[in-house]
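Enquirer: fold the following for me, if possible:
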Amino acid sequence: MGNIYDVRTYEPSQSIGYLMTRVKVEMLAALDRELAADPHLSALGVTSAQFIVLVRLVGTGNRKSATDLCKELSYDAGAMTRMIDRLEKKGLVRRMRCMKDRRLIYLEATDEGRAAYPRMLEMSVAVQNRFLRGLGQEDAQKLKGYLTRMLHNAG
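Expert: Coordinates of the predicted model:
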């Protein structure tokens with residue numbers, strides 16, 4: 001298959017990359033607003049970025065290192081450390097030293113983090129459904145397939 005874009009006619013603000021970035025930014029902002037409006041979660045001060053980290057810890061059910069999270073989420077190590085510090089301060093995540101290799105520190109969600117997760121997930125689903133309004137199941141599956149193919153092409 002040939003190239004989709006031609007540099008002579010390329011309009012950055014109409015490109016797929018730009019539009020995907022805008023959708024991501026708007027989805028995260030919408031989730032931030034929902035989290036801030038929820039009585040329990042607003043007291044915790046949970047953000048969409050923190051939710052994404054919790055998804056990787058609670059949603060997969062695995063302990064992870066900060067390095068693992070950085071790779072999975074394309075975060076800078078310093079930013080991830082600050083994020084984990086905030087989540088730990090809020091009582092949602094804890095650091096645990098590996099018993100086999102004391103140099104390694106794993107992260108896991110606390111009971112409070114796991115308890116808050118279902119409500120955060122519910123809000124995330126509601127935001128995604130709002131952004132997909134007007135698309136049918138088939139359209140959504142196609143979009144998911146296209147995005148998955150693009151991620152595969154990136155690797």
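
Enquirer: so where is this protein shaky, pLDDT-wise?
Expert: 61 (pLDDT under 70).

Enquirer: where do the strands sit along it?
Expert: With strands called from DSSP state E, the chain shows them at 64-65, 93-97, 105-109.

Enquirer: tell me which of these lies nearest to A29.
Expert: Closest to A29 of these, according to Cβ to Cβ: strand 93-97, at 23.0 Å. Every residue, glycine included, has its C-beta placed from N, CA and C.

Enquirer: pull the number of nearby residues for the residue lying closest to A77 once chain neighbours are set aside.
Expert: Spatial nearest neighbour of A77, excluding adjacent residues (Cβ to Cβ, 6 or more residues apart in numbering): C70 at 5.6 Å. Per other Cβ atoms under 10 Å, the neighbour tally for C70 reads 18.

Enquirer: same deal with N3?
Expert: In terms of burial, N3 registers 6 neighbours under the definition other Cβ under 10 Å.

Enquirer: how close does L147 get to V58?
Expert: For L147, the distance to V58 equals 23 Å [Cβ to Cβ, to the nearest Å].

Enquirer: looking at these two, which one has more neighbours?
Expert: Higher neighbour count among L147 and V58: V58, with 22 against 11, using other Cβ under 10 Å.

Enquirer: surely that one and T110 touch.
Expert: No - with contact defined as Cβ atoms under 8 Å, V58 does not count as touching T110 (10.0 Å).
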